[in-house]
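Asks: I'd like to go over a predicted model; first the sequence, then the structure.
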Amino acid sequence: MGPPARPSLEGRIAGMLLGAACGDVVGMPAAGLTPAQVRAVYGRIDGPVRPAEGSLHAGLEAGAPTDDTELLLVLGEAICAAVLERGGFTTDDVVAAVVGWVGDRLEDPRLGPSTVRAVRALREGVPPEEAGREGDTDGAAARIPPVAALHAGSPGSVDEDVVRVCLPTHGTNLAIAAAAAVAAAEAAMLGGSGIHRALREAIAAAERCGDRGAVVPGPSVAARIRLASELARGSADEAALACAELIGAGVRAVEAAPTAQGVALAAQGDPAAAILAAANAGDDADTVAAIAGAVCGAGAGAEAFPEDWLDGAVVARLRSLASCLTAAHDRLSGRREGGS
């Protein structure tokens with residue numbers, strides 16, 4: 001018997017989206033906790049569990065998605081509609097999707113701080129290119145997989161679409177570099193690259209985008225991904241703890257995105273291993289696990305996840321989005337090849 005068939009592009013895009021959502025729901029109960037607190041409260045997290053009383057997401061059911069998955073879906077659907085109808089998407093499409101999704105929930109403590117701050121500004125009439133000038137958190141990196149899908153196999157071409165997605169809410173050089181790094185890694189994996197090549201593409205994208213947007217003080221995203229790669233020795237669990245200790249696994253983009261990439265490398269592209277390692281490291285566990293799961297899932301495909309990690313309705317919506325993104329990718333690829 002030969003090796004298993006390589007997943008189709010749609011299967012890999014579905015794997016990326018499922019990886020993001022699985023990481024979100026598995027990491028959600030550990031958000032805001034230290035690794036020691038995760039162990040004390042849950043033992044070891046080995047799948048979706050109900051968040052404990054007093055935790056950030058207390059009151060949610062086991063396996064409930066957070067804003068990371070919800071915004072990934074809303075943004076992805078908006079991008080698909082724009083590409084299939086008009087041949088591309090604009091920052092205005094991003095604004096409409098995000099502002100519409102937030103609705104009347106600006107006081108919800110579970111929503112990302114950069115997104116909430118930007119939506120307030122946008123509703124007050126601040127231009128999109130100005131609204132996200134303080135956004136340095138990791139929300140854009142978590143919702144960037146639709147851009148990776150449009151550029152599957154072409155990680156060097158993600159930059160402008162990444163900036164378009166980031167500017168209204170996460171318009172700082174740090175958040176843009178982090179989102180570009182994640183998109184490039186995912187696009188490389190979607191194209192069949194291994195995890196080592198994907199991280200090289202991530203570093204290159206972070207370097208290219210290191211001065212895009214509003215420049216704010218902070219460490220180099222590219223340098224932190226290099227450090228995360230050096231820390232990715234031993235098991236994924238060991239790498240997650242080492243990255244969390246030396247880089248951080250918090251809500252800032254310069255912590256979450258590099259740590260997630262290091263975990264993905266240590267897991268050798270295994271999405272379940274990466275997700276569980278990130279979840280048990282705590283802090284912004286849902287987002288770190290979502291990013292690591294998406295990067296690995298883009299290579300592993302849709303069949304790499306336990307069937308009981310996600311609600312069936314969420315899976316159906318993610319698979320529908322994967323089909324739409326595949327069509328959008330094919331339309332853009334045909335336009336690029338035709339030179340029009």
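Replies: Ah, there it is. Residues are numbered from 1 along each chain as shown.
Asks: Can you name every helix or strand that the longest helix anywhere in the chain contacts?
Replies: Ordering each helix of the chain by length in residues (DSSP state H) puts helix 312-338 first. If you count contacts as 3 or more CB pairs under 8 Å, 6 or more residues apart in numbering; DSSP states H and E, helix 312-338 packs onto helix 9-27, helix 67-86, helix 145-150. All C-beta atoms are positioned from the backbone trio N, CA, C, and that covers glycine.
Asks: Please name whichever of those is nearest to A236.
Replies: A236 lies closest to helix 9-27 among the helices and strands packed on helix 312-338, at 12.5 Å (CB to CB).
Asks: Pick out the residue nearest the middle of the chain.
Replies: A142 (2.4 Å; CA atoms, centre = their mean).
Asks: in the chain, which segments are predicted with low confidence?
Replies: Residues of the chain meeting the criterion pLDDT under 70: 1-5, 335-340.
Asks: Without its sequence neighbours, what residue ends up closest to F89?
Replies: Leaving aside its chain neighbours, F89 sits nearest to A82 (3.7 Å; criterion: CB to CB, 6 or more residues apart in numbering).
Asks: cool, G63 as well?
Replies: Per CB to CB, 6+ apart, closest to G63 is P48, 3.8 Å.
Asks: Tell me, how many residues neighbour that neighbour?
Replies: 23 (other CB atoms under 10 Å).
Asks: mind listing what L72 touches?
Replies: When contacts are counted by CB atoms under 8 Å, 6 or more residues apart in numbering, L72 touches 17, 20-21, 142-143, 145-146.
Asks: For those residues, which ChimeraX command selects only the ones that are buried?
Replies: Applying 16 or more other CB atoms under 10 Å to those leaves a buried subset, and the ChimeraX line that selects it is:
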select :17,20,21,142,143,145,146
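Asks: right, and the pair among the contacts of L72 with maximum separation?
Replies: Within those, two members stand farthest from each other by CB to CB: A21 and P146, at 13.2 Å.
Asks: quick one, the longest helix of the chain and helix 67-86 angle?
Replies: 40 degrees (axes from the mean of the first three to the mean of the last three CA atoms, to 10 degrees).
Asks: dump the residue contacts of the residue nearest to the centre of the chain.
Replies: 20, 24, 68, 71-72, 287, 290-291.
Asks: try 7 Å
Replies: A142 is in contact with 20, 68, 72, 287, 290-291, counting by CB atoms under 7 Å, 6 or more residues apart in numbering.
Asks: Take those residues and write them to a markdown table, including distance to D136.
Replies: As requested, the contacts of A142 are exported to a markdown table (distance: CB to CB, whole Å):
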| residue | distance to D136 |
| --- | --- |
| A20 | 21 |
| D68 | 17 |
| L72 | 20 |
| T287 | 14 |
| A290 | 18 |
| I291 | 16 |
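Asks: from those, which single one is nearest S220?
Replies: I291 (18.0 Å).
Asks: do you know how far that closest one is from L72?
Replies: The spacing between I291 and L72, counted by CB to CB, to the nearest Å, is 11 Å.
Asks: Equivalent analysis for E85, please.
Replies: In this view, E85 and L72 are 20 Å apart by CB to CB.
Asks: Then D46?
Replies: Taken as CB to CB, the span from D46 to L72 is 24 Å.
Asks: now do V295
Replies: 14 Å.
Asks: ok, the closest residue to A239 other than its chain neighbours - contacts?
Replies: Of all residues beyond its chain neighbours, the one nearest A239 is A266 (3.4 Å), with distances taken as CB to CB, 6+ apart. By CB under 7 Å, 6+ apart, the residues touching A266 are 232, 235-236, 239.
Asks: for G59, same thing?
Replies: The contact partners of G59, by CB under 7 Å, 6+ apart, come to none.
Asks: Provide the secondary structure category for it.
Replies: coil (DSSP: H, G, I helix; E, B strand; the rest coil).
Asks: So it versus L72, what's the distance?
Replies: Distance of G59 to L72, given as CB to CB: 22 Å.
Asks: Repeat that for G132.
Replies: The value you get for G132 to L72, if CB to CB is used, is 18 Å.
Asks: Same question for G43.
Replies: Counting by CB to CB, the separation of G43 from L72 is 29 Å.
Asks: Also A179?
Replies: Taking CB to CB, one finds A179 at 12 Å from L72.
Asks: same thing with V119?
Replies: 17 Å.
Asks: Could you do T259 as well?
Replies: Distance, T259 to L72, using CB to CB: 19 Å.
Asks: residues making contact with stretch 126-135?
Replies: Under CB under 7 Å, 6+ apart, the answer for stretch 126-135 is 91, 95, 114, 117-118, 121-122, 166-172, 175, 214.
Asks: List just the nearest of the residues you listed to A78.
Replies: Within the contacts of stretch 126-135, the smallest distance to A78 is 9.7 Å, found for V95 (CB to CB).
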